[in-house]
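Engineer: Fold the stuff below for me.
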Amino acid sequence: MGESKWDEAIILDNSHLSGFTGGDPDFECQVLDIFLANAPNYLEALCATNQVDWKSTAHKLKGAARSIGAWRLARAAERAEHLGSPATGDPRRTEIIKILAERLADLVGYIKNHQKALRG
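Structural biologist: Numbering: from 1, shown residues only. Coordinates of the predicted model:
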């Protein structure tokens, strides 16, 4: 399976998110709150996971990012998933975790600003 066509330049696709939530700003904030509560746990799990669970955990992070339209994070999570089962000392694992952490931090900041605007 090849890589997706998600635009990696987009931190959060507001039109996708609005479509997902039916344009309801309160529901949008709730969905984003759920994402904020769960996504860091997936990254923590990737840092701590054994080789067997790596692909499954990366897939969960990709799905969470896709659901809200966080294409930049979703693409990195997809790359992590495609690594298969990298060993703990594998430099590819270290690099993708670094990228995921950076992209998640950027997304969290973006989401918090977006929620402030939605809540007024």
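Engineer: Let's see the helix or strand in which Asn41 is found as CSV, backbone CA atoms only.
Structural biologist: Here Asn41, judged by DSSP states H and E, is contained in helix 25-48. Provided in CSV are the C-alpha atoms of helix 25-48 (Å, rounded to 0.1, in the frame of the first residue of the first chain):
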residue,chain,number,x,y,z
PRO,A,25,-18.8,24.7,16.9
ASP,A,26,-19.7,23.2,20.3
PHE,A,27,-19.4,19.6,18.8
GLU,A,28,-16.2,20.6,17.1
CYS,A,29,-14.7,21.7,20.4
GLN,A,30,-15.8,18.4,22.0
VAL,A,31,-14.3,16.3,19.2
LEU,A,32,-11.0,18.3,19.5
ASP,A,33,-11.1,17.8,23.3
ILE,A,34,-11.3,14.1,22.8
PHE,A,35,-8.4,14.2,20.3
LEU,A,36,-6.3,16.3,22.7
ALA,A,37,-7.0,13.8,25.5
ASN,A,38,-6.1,10.7,23.5
ALA,A,39,-3.5,11.6,20.9
PRO,A,40,-0.6,12.1,23.3
ASN,A,41,-1.3,8.7,24.8
TYR,A,42,-0.7,7.1,21.3
LEU,A,43,2.6,8.9,21.0
GLU,A,44,3.6,7.8,24.5
ALA,A,45,2.6,4.2,23.6
LEU,A,46,4.8,4.4,20.5
CYS,A,47,7.8,5.5,22.6
ALA,A,48,7.2,2.6,25.0
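Engineer: Toward the C-terminus, what is the element adjacent to it?
Structural biologist: Scanning forward in sequence from helix 25-48 by DSSP H and E, the next helix or strand is helix 51-68.
Engineer: Could you list every helix and strand in contact with that following helix?
Structural biologist: Other elements packing on helix 51-68 under the criterion 3 or more C-beta pairs under 8 Å, 6 or more residues apart in numbering; DSSP states H and E are helix 14-20, helix 25-48, helix 71-82, helix 91-119. Yep, even glycine has a C-beta here, placed from its N, CA and C like the rest.
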